[in-house]
Every structure is written in C-alpha cells, then in structure tokens.
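Chemist: task: produce atomic coordinates for the following.
(2 chains)
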Amino acid sequence: DAGVIQSPRHEVTEMGQEVTLRCKPISGHDYLFWYRQTMMRGLELLIYFNNNVPIDDSGMPEDRFSAKMPNASFSTLKIQPSEPRDSAVYFCASSPNFGQYNTIYFGEGSWLTVV
Amino acid sequence: TQLLEQSPQFLSIQEGENLTVYCNSSSVFSSLQWYRQEPGEGPVLLVTVVTGGEVKKLKRLTFQFGDARKDSSLHITAAQTGDTGLYLCAGGRGSTLGRLYFGRGTQLTVWP
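Modeler: Residues are numbered from 1 along each chain as shown, chains lettered A, B, ... in the order given. Alright, predicted model coming up:
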C-alpha cells in the first residue's frame, strides 16, 4: 500500500517567492496533519484536518502560511511570501481516526530551503 | 519552551552496548509515543504507552511510562547498527492525538 506521498521532496527558493507543498494522505484516513521540523524547535504541529475540515490551526506561525484540503486525497501547505526562517522539513501525516492508540503515518517530508 | 525534554541529545555507542534515553516533562500526559526517524524519512511509530507504570517490550527495546505519566524511557539492549536514528517521544493530552507534543529527539549512532 502506498504511504503518505509528499511533493516536492526538495525545494530551494528565493526569499519572497511563493512555495506550495503537496500531500496525498493514505486512502481512507480521516485525519491529515502538517508538521514542521527544525533543529532548534524539533517537530511542531502546524495544522490538522478532519474529513477535509481544518480543526486546529493554532500552530500556523503567521498569516504567510495557509493550508487547504479540497478533498480527501489532497492537501496543500502554502507559504507566501517565503522567508529564510521558513527553511525546514515539512511533514504531512495521516491517521485513520482519532484515539490515543492510533498511529500517525508520516510522509518522507519536503525539504525547503529559502535563500 | 519544550513540553517534553529528551536526553541525551546525542548518543554514540559501539555495537553490543546497552543504552537508555529519557523523555521528561513537568506535565501529565494521557499517552506517550516513541518514534524512530531515519535520515531523509519521516518518523515511524514504535510504541504507544497509556498507563502509568506500563512497560512494553519490542524485541531488544523496552519502553516504560512513568507512574505519574510525566516521563518515559527507552532502553535498548545489545544495540545494533540498524538502531541508528533519531528517537522522538511524543505526548498526547486528552483522548485524541490532535495535540501531540514532540520532544526534540535523541540522535543515536551505533558504530560497528
């Protein structure tokens, strides 16, 4: 079975440019998460969706970040305009349902460098 | 401020040695998960513990959840080079996984 699929795997962009990261969750999973990982702050939850509806976006750093989930098989995380401090690995993850015994399945990440 | 502090941050050992990594907090968690992350990949769940004092074993890995549900440890017996990776603990509060708080991780390197 295919896991969580993210694209692009690597992106280098100039400050001020728009960046769009894409994610295809595992089929049948009701929950989708966007995380950001840096050396300084570790893994941080940015936003999560339940059945395509954003539930908690309190981790989104500022208005430059936006996330959408137009359908059950696709989500985007957009940064506009991008800044060097946005450089990080962005992970998309999905889970079949909510409960403390559940597994969250992570994608391989999108490595973003803003110069 | 990190809700979960992991120690040590880095650990470098020889194959065959034993090791323990720690995950500590001043807050109570309803569940605690351990993940392993290899270079260029996303974290992969190893175990979930939910009861204070709970001990779970996964082959050579032993996970323990503190009695007060504020801390956890991961012990590896006879480490192998394949154990190399970033070990992350993540705490859940309440009955859902939505607000999962991750520690910064312990980077383990096992040398042959």
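
Chemist: neighbours of whichever residue of chain B sits closest to chain A, how many?
Modeler: Using C-beta to the nearest C-beta, the closest approach of chain B to chain A is made by B:G42 at 2.9 Å. The C-beta positions use only the backbone N, C-alpha and C, and glycine is treated the same way. One way to gauge burial is a neighbour count; for B:G42, by other C-beta atoms under 10 Å in any protein chain shown, it gives 23.

Chemist: and B:V49, bridged to which residues?
Modeler: When bridges are taken as DSSP bridges, the partners of B:V49 come out as B:L32.

Chemist: dump the residue contacts of it.
Modeler: In this structure, B:V49 makes contact with B:S31, B:L32, B:Q33, B:K56, B:F63, B:Q64, B:F65, B:S72, judged by C-beta atoms under 8 Å, 6 or more residues apart in numbering or on different chains.

Chemist: model confidence for A:M40, exactly?
Modeler: In the predicted model, A:M40 carries a pLDDT score of 87.

Chemist: before we move on, back to that, among the contacts of B:V49, name the buried ones.
Modeler: Those of the contacts of B:V49 that meet the buried threshold are B:S31, B:L32, B:Q33, B:F63, B:Q64, B:F65, B:S72, by 16 or more other C-beta atoms under 10 Å in any protein chain shown.

Chemist: the first one touches B:C89, doesn't it?
Modeler: Yep, that's B:S31 we're talking about. No: using C-beta atoms under 8 Å as the test, B:S31 is too far from B:C89 to be in contact (10.9 Å).

Chemist: how close does A:E11 get to chain B?
Modeler: A:E11 is 15 Å from chain B, where distance means C-beta to the nearest C-beta, to the nearest Å.

Chemist: pretty sure that residue contacts A:Y90?
Modeler: No: under the contact definition of C-beta under 8 Å, A:E11 does not touch A:Y90, with a separation of 9.6 Å.

Chemist: now the common contact residues for those two.
Modeler: When contacts are counted by C-beta under 8 Å, 6+ apart, A:E11 and A:Y90 have A:L21, A:S110, A:L112 as shared neighbours.

Chemist: after the host helix or strand of the first one comes which helix or strand?
Modeler: Pointing back at A:L21 there. Assigning secondary structure by DSSP states H and E places A:L21 in strand A:19-24. Of the helices and strands lying after strand A:19-24 in sequence (DSSP H and E), the nearest is strand A:31-38.

Chemist: what's the burial count for the residue in chain A that chain B sits nearest to?
Modeler: For chain A, the residue closest to chain B is A:F106, as judged by C-beta to the nearest C-beta, at 2.9 Å. Counted with other C-beta under 10 Å, the neighbours of A:F106 add up to 24.
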